[in-house]
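Q: Using only what follows, build the 3D model:
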Amino acid sequence: DVYKRQGHWWGQRVSGIALALLGAWFVISLATMDGFAYADAVAFIRQSPNPVLLALLCITMAYHSYLGVQVVIEDYVHSHGLKLAALILSRFAHILFAAVGVYSILRLGIGS
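A: Take a look at the predicted model:
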């Protein structure tokens with residue numbers, strides 16, 4: 001159990017660092033965009049390496065959020081059955097959100 005907590009702790013720290021770096025890239029990219037119309041956003045997504053970095057941002061945000069929500073559920077939900085259901089629901093929801101984000105980036109990046 002100690003190793004599980006240690007891995008969780010490291011996961012939060014490493015994903016936090018990744019989010020700081022990817023977030024800084026994203027903010028700088030938005031600040032330097034020509035405009036914020038739909039066509040400008042699609043053009044931004046289609047420029048290399050933006051789709052890869054956006055996908056990494058979505059996945060890392062979902063993972064970091066999942067780890068944080070997991071801690072909150074484990075600390076504040078005391079009923080074993082409800083805790084298990086909440087953890088399962090949280091995992092599925094975070095996977096769904098990450099998948100929708102990556103799908104949307106691919107759809108706009110590839111075009112159709």
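Q: tell me the helices in the chain, going along the chain?
A: Remark: helices assigned in the chain by DSSP state H are 2-31, 38-46, 50-76, 80-110.
Q: For the residue most central in space within the chain, which non-adjacent residue is closest in space?
A: Relative to the mean C-alpha position of the chain, the nearest C-alpha, by C-alpha atoms, centre = their mean, is the one of Met61, at 2.2 Å. By the measure of C-beta to C-beta, 6 or more residues apart in numbering, the closest residue to Met61 outside its immediate chain neighbours is Leu19, 6.5 Å from it. C-betas here are computed from N, CA, C, even on glycine.
Q: what about the residue of the chain most remote from its centre, distance to Gly11?
A: Relative to the centre of the chain, the most outlying C-alpha is that of Ser79, 28.3 Å out, by C-alpha atoms, centre = their mean. Computed as C-beta to C-beta, to the nearest Å, the Ser79 to Gly11 distance reads 26 Å.
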